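J.: Return a 3D structure for these sequence lines:
(3 chains)
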Amino acid sequence: MNDILKELNTEQQAAVVHTNGPNMVIAGAGSGKTRVLTYKVAYLISQGVEPFRIMALTFTNKAANEMKERIMQLVHNQDARNVWMGTFHSIFARILRVDGHLLGFPSNFTIYDTDDSKSLIKSIVKELGLDTKTYTPSAILHRISMAKSNLISARDYAEDPELTTYDRVSQRPQTGQIYATYQQRLFKSACMDFDDILFFTNILLRDFPDVLFKYQQRFSHLLVDEYQDTNYSQYLILKRLAARHENICVVGDDAQSIYGFRGANIQNIFNFKKDYPDHILFKLEQNYRSTKTIVEAANTLIMHNKEQIFKKIWTDKEQGQRISLIKAATDSEEGILVAHAIFENKMNRQLPNSSFAILYRTNAQSRSFEESLRKLNIPYRIYGGLSFYKRKEIKDLLAYFRLVCNPHDQEALVRIINYPARGIGETTLEKLRVAASEKDKSMWETMLNLKADACGIAPGTAGKISDFIIKIRSYQAQLANTGAIDLAEHIAYTAGIIRELKEDQTPEGISRMENIQELLNAIRDFSDRPQETINEITGEITTTANPTLDRFLQEVSLLTDLDSDDDKENKDKVTLMTVHSAKGLEFPYVFVVGLEENLFPSYLSMNTRAELEEERRLFYVAITRAMDKLTLAWAMNRYRWGNLSFSQPSRFLDEIDPQCLESTQKVTAPLNTVRKLKPLPQEKQHADPPDFRPEDMQRIAVDMTVEHDRFGKGKVIALEGQGANRKATVAFDQAGKKQLLLRFAKLKILDE
DNA sequence: AAATAGCGCTTTTTT
DNA sequence: AGCGCTATTT
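T.: Residues are numbered from 1 along each chain as shown, chains lettered A, B, ... in the order given. Got it, this is the predicted structure:
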């Protein structure tokens, strides 16, 4: 172990070997923050601390896994994998699965992602008879999220004059009511949203002293990465857990605090100092990542912030190249110039694609870079944006899995009860919703005890509901004793999703099918990997083989696409991502693009000094990702929501010491002004098929062969309803099973 | 019931 | 420009 310590500088060593009592490491960009944390855990293990008594909280799961790997190398001890290491959310979700029953949650509770939460809020807003344009789901969710991060329950919220006044002033007086209903609904569905994981962890530790005691005892050492981005709720969990041993080490950099918008509280740094007056403070100021030019540029920039903990970041490295500035005429030219710059550097210096990164403020900016990179045949990978797990087809299949594992999960139920179409429409759903809310039961329970006539549901529809229930139950019966991949494939093939997708042979349809296959592959990988399980008594983590599908779901709900892509064959790609997701990463060549007023800084963050300073810290994070060479780009004109608008260069460009910048400015502008003409809309066909006979409608009966102008030939399987509402279920040779309203469908009888 | 056309709306960052 | 929702069509 002493050999290992030699790989650290004096300050880093001091921080690593200080293992007793509270301590804080303020670490500048590129100063080896993660290194200190990794070595500290390794050092603790080498000093005889049992791995499962160490809790290390990181910002991403990827960081956690990399750290674990490194630690195992350092200590030559497989037990190191028993360190409780992961994001706040994944670690405390794990704890809630063990002890959440005390709060009334089953251990298989579902975690809602932002889309689930918004869609639930939307349906609540509608139920309460409010306007979804005033009460936009994202605004409401933001309010609820802020409340939860500050441990304000729905009841507290309603009684808080400041919050309610704010809501009244902003024309949304019912926000508190929505919050309360939202919580009830989540609870009945056995679901938690992201903020609930931290909120309920706090409640658990607050109201159940023996649980608190158990974890306080167990975790002798707490370590926290990216402490500057923790919120109040996270702060309080740490404070509670650390109260017994007070061996808590937090690592962070106030200059890189960029998550204020989601409740991160820089005050936590000062609270730490207050809570532990005898804490030791370490400062890491030597940067090992970047050239002198880049470090100086970053230092001069951040000086413009008023609120900061003073430190002087310095480096031993060479002066390096000056920072290039690209001034483009338009956003598409910005893309071209950046792609060409990458191409030239790559060729002249024989660099791999992976040494380049393009960083932008908003996901929407990625397009022009994708286009130009593609034209030059430069492989790239985009992170963020529409992530894999947010795609419709993936969410659909996952919803089946979710419903099987937790039938009370209402968002999952609503999503798939009529997908693929099985004749349970919006009207029926509304009746079920009303019935469920009257009986104060989950929708699933309501369906199980369905008294159809009482809810005004037709017998035919009730039959379809019961078919659906039987299907889901048959999956549920297999859950416990079937491996994840076997059940997943069984569901994918028998629920009709794959059948539905196979019909669609458009490029999008084919890509959707590929995505489903990719999801199944991911589950296969997961099934092949032994799973960690917590031993309830000792807290030790043991592994079990052949995990079930619910284990997969629990894992997947907290993943981001940043976490899960390492072993892709082709790793040598240019990276495109937002500055936020670039936190903690580094690249030899970095392009920070879109440096314009109202874009970076964002027009939404220029109202207060605090917001503007956060934007500046964000830019600070962006430029400190660069190791060797930094290029900044901006466009004089940019397409914004459909039309071209003029831009001013970002004020941040003027805040960098001009000595760090290249004096020359490139201006080349072969403008691509030819835009494709849209084809004229086609004349619609209103006429009936020439040989259509209206009287056929009366004569149609089960087992007849019929023809539809779009779906082709098919056989009538069932008929229901009377008069104008008469419907036929037809099995088409090509298009599959469809329900059609005879009044419209114009079916032609081919064979009786 | 299912598909489509057209309209208005939104646009920050993410565990 | 792209999306989701509503109104309209089949």
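J.: where does the stretch 501-650 of chain A come near DNA strand B, residue by residue?
T.: A:558, A:560, A:562, A:577-578, A:580-581, A:602, A:604-605, A:618, A:640-642 (Cβ under 7 Å from any atom of the strand). C-beta: built from backbone N, CA, C; applies to glycine.
J.: Which pLDDT value belongs to whatever residue of chain A ends up closest to DNA strand B?
T.: Closest to DNA strand B within chain A is A:W641: 2.1 Å, counting by Cβ to the nearest atom of the strand. Here, the pLDDT recorded for A:W641 equals 77.
J.: Could you do A:L747 as well?
T.: So A:L747 comes in at 75 (pLDDT).
J.: give me phi/psi at the closest residue to it other than its chain neighbours?
T.: Among residues not flanking A:L747 along the chain, A:V706 sits closest, at 4.3 Å (Cβ to Cβ, 6 or more residues apart in numbering). When read as degrees, to the nearest 10, the backbone of A:V706 gives phi -130, psi 170.
J.: right, and A:V706 touches A:K746 too?
T.: No: using Cβ atoms under 8 Å, A:V706 is not in contact with A:K746; the gap is 10.0 Å.
J.: So for these two, which residue has more residues nearby?
T.: When A:V706 and A:K746 are compared on other Cβ atoms under 10 Å, the one with more neighbours turns out to be A:V706, at 24 against 18.
J.: gap between that one and A:R699?
T.: A:V706 is 11 Å from A:R699, where distance means Cβ to Cβ, to the nearest Å.
J.: list the residues that contact both of these two?
T.: A:I749 (Cβ atoms under 8 Å, 6 or more residues apart in numbering).
J.: Stretch A:189-204 vs DNA strand B: in contact?
T.: Yes: Stretch A:189-204 comes into contact with DNA strand B (Cβ under 7 Å from any atom of the strand), by way of A:F194.
J.: so how many other residues sit close to the residue in the stretch 601-750 of chain A positioned nearest to DNA strand C?
T.: Among the residues of the stretch 601-750 of chain A, A:G642 lies closest to DNA strand C, at 3.0 Å counting by Cβ to the nearest atom of the strand. As a burial measure, A:G642 scores 6 neighbours (other Cβ under 10 Å).
J.: For it, grab phi and psi.
T.: Per-residue torsions, A:G642: phi 100, psi -30 (degrees, to the nearest 10).
J.: same question, A:W84
T.: Dihedral angles (degrees, to the nearest 10) for A:W84: phi -80, psi 90.
J.: What is the burial count for it?
T.: Using other Cβ under 10 Å, A:W84 has 23 other residues around it.
J.: Kindly report the same for A:V25.
T.: 29.
J.: if I pick it, what's in contact with it?
T.: By Cβ under 8 Å, 6+ apart, the neighbours of A:V25 are A:15, A:33, A:36, A:249-252, A:281-284.
J.: swap the cut-off to 6 Å and go again
T.: A:15, A:36, A:251, A:282 (Cβ atoms under 6 Å, 6 or more residues apart in numbering).
J.: one step back: so the residue of the stretch 601-750 of chain A closest to DNA strand C versus A:L519, what's the distance?
T.: 34 Å.
J.: go on, A:L741?
T.: For A:L741, the distance to A:L519 - Cβ to Cβ - is 35 Å.
J.: out of those two, which sits in the more crowded spot?
T.: The residue with more neighbours, out of A:L741 and A:L519, is A:L519; 21 against 12, by other Cβ under 10 Å.
J.: and the more buried one, how far is that from A:I491?
T.: A:L519 is 11 Å from A:I491, by Cβ to Cβ.
J.: Same question for A:L301.
T.: 52 Å.
J.: ok so, going back, just the ones in helices from the contacts of A:V25, please.
T.: A:15, A:36 (DSSP state H).
J.: are any of the contacts of A:V25 buried, and which?
T.: Neighbour-count burial (16 or more other Cβ atoms under 10 Å) applied to these gives A:15, A:36, A:251, A:282.
J.: Closest one of these to A:R94?
T.: A:V251 (22.1 Å; Cβ to Cβ).
J.: My guess is that closest one contacts A:K33. True?
T.: Yes: look at A:V251 against A:K33 with Cβ atoms under 6 Å: they come within range, at 5.4 Å.
J.: what touches both of the two?
T.: Contacts common to A:V251 and A:K33, judged by Cβ under 6 Å, 6+ apart, are A:A27.
J.: could you give me the average pLDDT of stretch A:439-456?
T.: When pLDDT is averaged along stretch A:439-456, the result is 81.
J.: at contact distance from DNA strand B, anything in that stretch?
T.: No: Stretch A:439-456 stays clear of DNA strand B (Cβ under 7 Å from any atom of the strand), getting no nearer than 13.5 Å.
J.: Would you work out how far apart the start and end of that stretch are?
T.: 15 Å (Cα to Cα, to the nearest Å).
J.: list the buried ones in it?
T.: Neighbour-count burial for stretch A:439-456 [16+ other Cβ under 10 Å]: A:441-444, A:446-447, A:450, A:452, A:455.
J.: Tell me, how many residues neighbour whichever residue of the stretch 451-600 of chain A sits closest to DNA strand C?
T.: For the stretch 451-600 of chain A and DNA strand C, the shortest gap (Cβ to the nearest atom of the strand) falls at A:E508, measuring 10.4 Å. Neighbours of A:E508 under the rule other Cβ under 10 Å: 10.
J.: how about it, secondary structure?
T.: helix (DSSP: H, G, I helix; E, B strand; the rest coil).
J.: Just the pLDDT for it.
T.: pLDDT at A:E508 comes out at 70.
J.: same check, this time on A:Q734
T.: 73.
J.: Name all residues that make contact with it.
T.: A:G712.
J.: give me phi/psi at it?
T.: phi -100, psi -50.
J.: can you pull out the strands in the stretch 351-500 of chain A?
T.: A:356-360, A:380-382 (DSSP state E, counting those that start in this stretch).
J.: if we can go back for a sec, how about TSV for the residues of the stretch 501-650 of chain A next to DNA strand B, with distance to A:R524 added?
T.: Formatted as TSV, these follow (distance: Cβ to Cβ, whole Å):
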residue	distance to A:R524
A:L558	20
A:T560	21
A:L562	22
A:M577	28
A:T578	31
A:H580	32
A:S581	27
A:S602	41
A:L604	42
A:S605	43
A:L618	39
A:R640	43
A:W641	42
A:G642	43
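J.: Would you report which members of these are assigned to helices?
T.: Those of these lying in helices (DSSP H): A:L618.
J.: Of the residues of the stretch 501-650 of chain A next to DNA strand B - the most surrounded one?
T.: A:L618 leads these on contacts (other Cβ under 10 Å) with 25 neighbours.
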